[in-house]
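In: sequence and predicted structure, then a few things I'm wondering about:
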Amino acid sequence: MLTMIIVALITIILFGFCIAPVNGRRRRNRAVGFFHPYTNDGGGGERVLWCAVRGIQEEIPDLDCCIYTGDHDATPQSLMARALDRFGVTLLSPPKVVHLYKRKWIEETTYPHFTMIGQSLGSMYLAWEALCKFTPLYYFDTSGYAFTYPLARLFGCKVICYTHYPTISSDMLSRVRDRSLMYNNDALITKSVWLSRCKIVYYTFFSCLYGIVGSCAHLAMVNSSWTKSHIERLWKIPDRIKRVYPPCDTSGLQVLPLERSTKIPVIISVAQFRPEKAHTLQLEAFSAAIKRLDPTLPKPKFQIVGSCRNKSDDDRLQMLKKKAIELNISEQVEFHKNVTYRDLVGLLGGAVAGIHSMTDEHFGISVVEYMAAGAIPIAHNSAGPKMDIVLDEDGQQTGFLACTVEEYADAIVRTVTMSETERLKVAAAARRRARRFSEQRFYDDFKAAVRPILCHVSR
């Protein structure tokens with residue numbers, strides 16, 4: 001059955017290339033259609049969406065912006081208000097909204113096995129619904145659904161994308177070869193040589209398909225050096241790939257004072273409640289750190305801030321609360337779900353450090369937000385944080401990188417026990433580095449990237 005689906009997919013792709021010129025003459029609305037099925041996820045991807053809409057509105061004011069969303073209660077006014085309330089982004093006008101009713105076909109729970117190929121094919125079905133309802137001049141994917149690009153070209157659209165991370169990467173293949181246990185490589189696979197080999201074949205074949213569909217983009221913006229290197233290797237269109245760092249609220253957060261109350265040090269974590277964010281590791285590291293601290297000193301507080309997209313995320317949040325009880329740290333841990341932008345700023349303003357623990361985080365907007373707010377970052381020693389963000393600024397350390405529970409615990413202890421003078425020195429350097437990833441920098445680089453694609457649109 002899977003083989004038949006894949007053959008059908010390849011046929012659609014090839015067929016699309018053959019007839020795209022014919023369909024290119026079909027009537028298309030003078031608009032940019034943003035394919036973003038989850039406009040309530042509350043993460044960095046949604047911030048990119050609203051800043052991209054704002055960037056298009058500034059660049060060509062008379063070009064409509066349309067949002068393809070599976071959130072049925074979304075309206076032009078509610079989305080405009082959400083962009084402001086949650087992210088501090090002021091849109092110049094309300095976007096048009098096209099509601100999608102086939103979103104279940106991209107839910108990971110729909111595909112217990114072969115999840116990547118299932119979601120990819122499901123995204124094509126969802127994009128078909130979107131483009132049949134409203135066909136824009138420009139199709140802009142801000143959620144990473146590369147398998148929709150050939151379909152958009154079939155409808156005669158110019159395809160633009162902002163890729164946060166590759167759906168498949170050489171790092172994922174390496175972990176399967178090494179039989180490393182992780183959220184996307186469970187114990188059943190790692191314990192079996194035969195199953196691991198089968199998964200390698202599956203991943204290799206999928207990466208070939210991913211390369212084919214990704215190469216259909218007329219412009220691919222990527223968010224980091226790590227993502228850029230992988231996408232160039234997979235899609236093989238280096239002249240159409242531009243690195244555009246995501247918009248981080250550095251200006252709004254940099255007005256916060258660097259001085260913090262250290263009577264009860266606050267550690268913060270900002271991330272969606274998703275498995276790859278590794279919240280359990282954070283709790284274990286915080287528990288280990290408390291045991292290493294002087295028992296006569298006040299225990300630090302840990303604030304975990306995140307958003308929930310669906311029931312799976314809600315269930316994960318409940319499991320984390322139970323984990324805190326098991327580790328006997330529930331009195332020191334606070335959970336904040338779906339907070340507003342204003343409340344998030346307030347929480348960041350009281351933290352001395354911020355924890356990030358996702359392996360191969362493509363960029364790490366939350367890490368930059370910590371640095372801009374004056375909270376010393378303790379980030380995972382891989383990908384975006386390692387290559388782009390937590391680097392020395394003018395020879396001064398800007399934060400800590402860690403991998404294991406022990407390394408995170410060490411960094412927490414070092415942060416909460418360092419002198420105020422040393423903490424301020426590190427925090428100030430981190431804040432200076434965060435300016436490299438400002439929202440204005442995003443707008444400048446974003447407009448420079450899309451301008452050649454949009455240049456034929458009359459003003």
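Out: Cool, got the structure.
In: can I get the CA coordinates of the strand or helix carrying residue 208 in PDB?
Out: Assigned by DSSP states H and E, residue 208 falls within helix 193-214. Presented in PDB, the C-alpha positions along helix 193-214 are these (Å, rounded to 0.1, in the frame of the first residue of the first chain):
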ATOM      1  CA  VAL A 193      19.700  -4.500  13.700                       C
ATOM      2  CA  TRP A 194      17.200  -5.600  11.100                       C
ATOM      3  CA  LEU A 195      14.600  -2.800  12.000                       C
ATOM      4  CA  SER A 196      17.400  -0.200  12.100                       C
ATOM      5  CA  ARG A 197      18.500  -1.200   8.600                       C
ATOM      6  CA  CYS A 198      14.900  -1.100   7.300                       C
ATOM      7  CA  LYS A 199      14.600   2.400   8.800                       C
ATOM      8  CA  ILE A 200      17.800   3.500   7.100                       C
ATOM      9  CA  VAL A 201      16.400   2.400   3.800                       C
ATOM     10  CA  TYR A 202      13.100   4.300   4.600                       C
ATOM     11  CA  TYR A 203      15.000   7.400   5.600                       C
ATOM     12  CA  THR A 204      17.300   7.300   2.600                       C
ATOM     13  CA  PHE A 205      14.400   6.900   0.200                       C
ATOM     14  CA  PHE A 206      12.400   9.700   1.900                       C
ATOM     15  CA  SER A 207      15.400  12.000   1.700                       C
ATOM     16  CA  CYS A 208      15.500  11.500  -2.100                       C
ATOM     17  CA  LEU A 209      11.800  12.400  -2.400                       C
ATOM     18  CA  TYR A 210      12.400  15.400   0.000                       C
ATOM     19  CA  GLY A 211      15.100  16.600  -2.200                       C
ATOM     20  CA  ILE A 212      13.000  16.400  -5.300                       C
ATOM     21  CA  VAL A 213      10.000  18.300  -3.900                       C
ATOM     22  CA  GLY A 214      12.200  20.900  -2.100                       C
END
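In: same for it, what does it pack against?
Out: Counting by 3 or more CB pairs under 8 Å, 6 or more residues apart in numbering; DSSP states H and E, the packing neighbours recorded for helix 193-214 are helix 2-23, helix 115-133, helix 149-154, helix 170-178, helix 187-190, helix 225-235. C-beta coordinates here come from the backbone N, C-alpha and C atoms, glycine included.
In: tell me where the protein has strands.
Out: Ranges of strands within the chain are 29-35, 64-69, 96-99, 136-141, 158-163, 219-222, 241-243, 266-270, 301-306, 333-337, 353-355, 376-380, 400-402, based on DSSP state E.
In: coming back round to it: need the least confident one among the helices and strands packed on helix 193-214, by mean pLDDT.
Out: Confidence, taken as mean pLDDT, is least for helix 2-23 of the helices and strands packed on helix 193-214 (a mean of 48).
In: show me the contacts for the residue nearest to residue 344 when sequence neighbours are not counted.
Out: Nearest residue to residue 344, sequence neighbours excluded (CB to CB, 6 or more residues apart in numbering): residue 305, at 6.5 Å. Counting by CB atoms under 8 Å, 6 or more residues apart in numbering, residue 305 touches 268-271, 336, 339, 344, 347.
In: ok, and the most crowded of those?
Out: In terms of neighbour count, residue 270 stands highest of these at 28 neighbours, by other CB atoms under 10 Å.
In: for it, give its distance to residue 154.
Out: Remark: distance between residue 270 and residue 154 (CB to CB, to the nearest Å) = 39 Å.
In: ok, residue 139 - contacts?
Out: Neighbouring residues of residue 139 by CB under 8 Å, 6+ apart: 33, 35, 131, 148-149, 152, 155, 157-160.
In: how about 7 Å then?
Out: With contact set as CB atoms under 7 Å, 6 or more residues apart in numbering, residue 139 has these partners: 33, 35, 152, 157, 159.
In: using a markdown table, lay out those residues together with neighbour count and distance to residue 453.
Out: Below are the contacts of residue 139 laid out as a markdown table (neighbours: other CB atoms under 10 Å; distance: CB to CB, whole Å):
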| residue | neighbour count | distance to residue 453 |
| --- | --- | --- |
| 33 | 29 | 14 |
| 35 | 28 | 16 |
| 152 | 29 | 13 |
| 157 | 24 | 11 |
| 159 | 22 | 9 |
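In: that concludes my questions; thank you for your assistance.
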